[in-house]
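A.B. asks: predicted coordinates and the sequence they were generated for:
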Amino acid sequence: MNVKGKTVCVTGVLAGMKRDEAEAALTKLGARVVGSVSKNTDILFVGASAGSKLAKAESLGVQIVDEAGLHALLGGTVSRTELKERKAADVELRELEAEALAGEGDVLPKSVAGLTVVVTGTLSVDRVTMESMLEAAGAKVTGSVSKNTNLLVVGSGAGSKLSKAQSLGIQSLNEEQIRQVLSGGGGAAKPAKKEVVGVREKSPPSGDMNELCGRIEAFFDALEKAGGIELTRRNLPGSDKKKLADLESKLGVTLPDDVRAFLTRGLQYAQGSVDGKSGFGSIGFDFIKPDNIIKSTKIWRDIAKDTDEDDEDEHTELQREGVCLTHSEPQLVWTPNGIFHYSVRNPVKRVCGTWTEFLEAWLASGCFSSHSFDAVWPVLSSTLHKKPAKNVWLDYYRKQFPGAK
């Protein structure tokens, strides 16, 4: 097999080598290794307990090479017996997934209120949308399966979380069943179910990003003129198509139109802080250009690769799937599931669905970035005039950091 010049991805747990070792070896053979599967992927190398990447590769018609093929290519020393056993375990996992997706037998819970729920695999909606639906119904959603998990929601490509849930005796429901529970139809036997083919929702149009950025720039001009806060001017230079194409190629992602428009235009903004009677608060993020986005995101992915499977949580998933848009932690992060605000010591939740939606909410908050909004409000009031009554960014931040005012 010749992988020179081909775009490849590695997924699952490998025998005899770590995933980063396999990726390094493939790179030496001339392959371009990416972290996610897309229409541009030529080959997916699959180890044990492969999850949603395998399902996506199958749906896109990407060539799939099993672990034996990978070891043959790289000259691995794992015995045929071990590989055969692992392949049999993988077949068992796929059968387990098919059974879970078929959804026959058990009685559905009456509701999810008070239950600890994990979502895995590809659903007909993105994972964050499903998690939001569960939380609205009173569930506690976590990123990893443990003895404290009550329920696993399963889509195609469920992977190792499904195996772990079965070993712990945790009930699994497919998408149709969990929707039945959420609509008040729980407490009945599970209906039979055809396999759900995951379709990610399309990104909404970006809107007029130039106009939105112009309003952000005008706000900072007005704030500087009003005084009361020392601002440090920042400039995010606009990027050309070549730099954006390089970003997408190296990270194996396709950015939505609004993020591309933002990076293409650039932004002149500012950062500042207030430390007064009401406490400390700051405004402005440190937005980064494409080459720094690549560097920051690759560091994240390296961290995720080195995380043991038993230690993986929602932070690990975001590090594996996200693209960093700002530099300092907490960071603003784009994923195909929406915009996140990442803090290593706080829960990972989605702020909103699109970059445009975030920027609108951020501007409406006076470009607030961290700590206490009440601390910066006396300065912002001269420009905003009216305190935001409801704001998706402020509401999220206060939930993520309960001590913030």
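C.D. replies: That came through, no problem.

A.B. asks: buried residues in the lengthiest strand in the chain?
C.D. replies: If you go by DSSP state E, the chain has its longest strand at strand 267-276. Of all the residues in strand 267-276, those buried under the rule 16 or more other Cβ atoms under 10 Å are 267, 269-274. C-beta: built from backbone N, CA, C; applies to glycine.

A.B. asks: in the protein, which helix or strand is least confident?
C.D. replies: Least confident helix or strand, the chain: helix 80-102 with a mean of 59, by mean pLDDT, DSSP states H and E.

A.B. asks: and the next helix or strand past it?
C.D. replies: strand 116-120 (DSSP states H and E).

A.B. asks: can you pull out the helices in the stretch 51-200 of the chain?
C.D. replies: Secondary structure of the stretch 51-200 of the chain, counting by DSSP state H, counting those that start in this stretch: helices at 52-60, 67-74, 80-102, 127-136, 160-167, 175-182.

A.B. asks: mind listing what's buried along the next helix-or-strand element following the last one?
C.D. replies: What it means is helix 175-182. Using DSSP H and E, the helix or strand that follows helix 175-182 in sequence is helix 209-226. For helix 209-226, the neighbour count (16+ other Cβ under 10 Å) marks 209, 212-213, 216, 219-220, 223-224 as buried.

A.B. asks: tabulate those residues in JSON lines, adding columns for distance to Leu332.
C.D. replies: Listed next are these as JSON lines, based on distance: Cβ to Cβ, whole Å:
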{"residue": "Met209", "distance to Leu332": "16"}
{"residue": "Leu212", "distance to Leu332": "16"}
{"residue": "Cys213", "distance to Leu332": "15"}
{"residue": "Ile216", "distance to Leu332": "14"}
{"residue": "Phe219", "distance to Leu332": "18"}
{"residue": "Phe220", "distance to Leu332": "17"}
{"residue": "Leu223", "distance to Leu332": "20"}
{"residue": "Glu224", "distance to Leu332": "23"}
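
A.B. asks: next structured bit after the longest strand of the chain?
C.D. replies: strand 279-283.

A.B. asks: re the thing from before, compute the inter-axis angle for the longest strand of the chain and helix 209-226.
C.D. replies: In terms of direction (axes from the mean of the first three to the mean of the last three Cα atoms, to 10 degrees), strand 267-276 departs from helix 209-226 by 40 degrees.

A.B. asks: gap between strand 267-276 and the chain center?
C.D. replies: 28 Å (Cα atoms, centre = their mean, to the nearest Å).

A.B. asks: for stretch 165-177, same thing?
C.D. replies: Per Cα atoms, centre = their mean, the centroid offset for stretch 165-177 relative to its chain is 22 Å.
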